[in-house]
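*Asks:* what's the 3D shape of this:
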Amino acid sequence: MILKVTVLFLAFMAVLAMFGKLRLPGQDRLAARRCKRCGRYRIGKGPCPCGEGKG
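*Replies:* This is a model prediction of the structure:
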């Protein structure tokens, strides 16, 4: 009985690990929208409020 529980637990953990490695679509594009200096998200095409990070 304990062996069954252990095997099921390990299988469940393996499935969770597979889901944890998935990359969601749009993550790279979202990371590119951050200011390189302060790390805030930039909204629109204007510069960051910190004064830098135009690109």
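*Asks:* State which helix of the chain is the longest.
*Replies:* Ranked by residue count under DSSP state H, the longest helix found in the chain is helix 2-20.
*Asks:* Low-confidence regions, this protein specifically.
*Replies:* For the chain, applying pLDDT under 70 flags the ranges 24, 26-31, 52-55.
*Asks:* Residue 48: neighbouring residues, count only.
*Replies:* Residue neighbour count, defined by other Cβ atoms under 10 Å, stands at 19 for residue 48. For every residue, glycine as well, the C-beta is placed using N, CA and C.
*Asks:* List the residues that contact it.
*Replies:* Residues in contact with residue 48 (Cβ atoms under 8 Å, 6 or more residues apart in numbering) are 35, 37, 38, 40, 42, 54.
*Asks:* Got a PyMOL select line for the buried ones in those?
*Replies:* In PyMOL, a selection of the buried entries from the contacts of residue 48 looks like this (16 or more other Cβ atoms under 10 Å):
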select buried, resi 35+42
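*Asks:* now the contacts of residue 48 in JSON lines, with distance to residue 3 and secondary structure?
*Replies:* Below are the contacts of residue 48 laid out as JSON lines (distance: Cβ to Cβ, whole Å; DSSP: H, G, I helix; E, B strand; the rest coil):
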{"residue": "35", "distance to residue 3": "53", "secondary structure": "coil"}
{"residue": "37", "distance to residue 3": "55", "secondary structure": "coil"}
{"residue": "38", "distance to residue 3": "53", "secondary structure": "coil"}
{"residue": "40", "distance to residue 3": "51", "secondary structure": "coil"}
{"residue": "42", "distance to residue 3": "54", "secondary structure": "coil"}
{"residue": "54", "distance to residue 3": "60", "secondary structure": "coil"}
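*Asks:* roughly how far apart are residue 11 and residue 33?
*Replies:* Going from residue 11 to residue 33 by Cβ to Cβ, to the nearest Å gives 38 Å.
*Asks:* typo on my end, it should be residue 12
*Replies:* Taking Cβ to Cβ, one finds residue 12 at 35 Å from residue 33.
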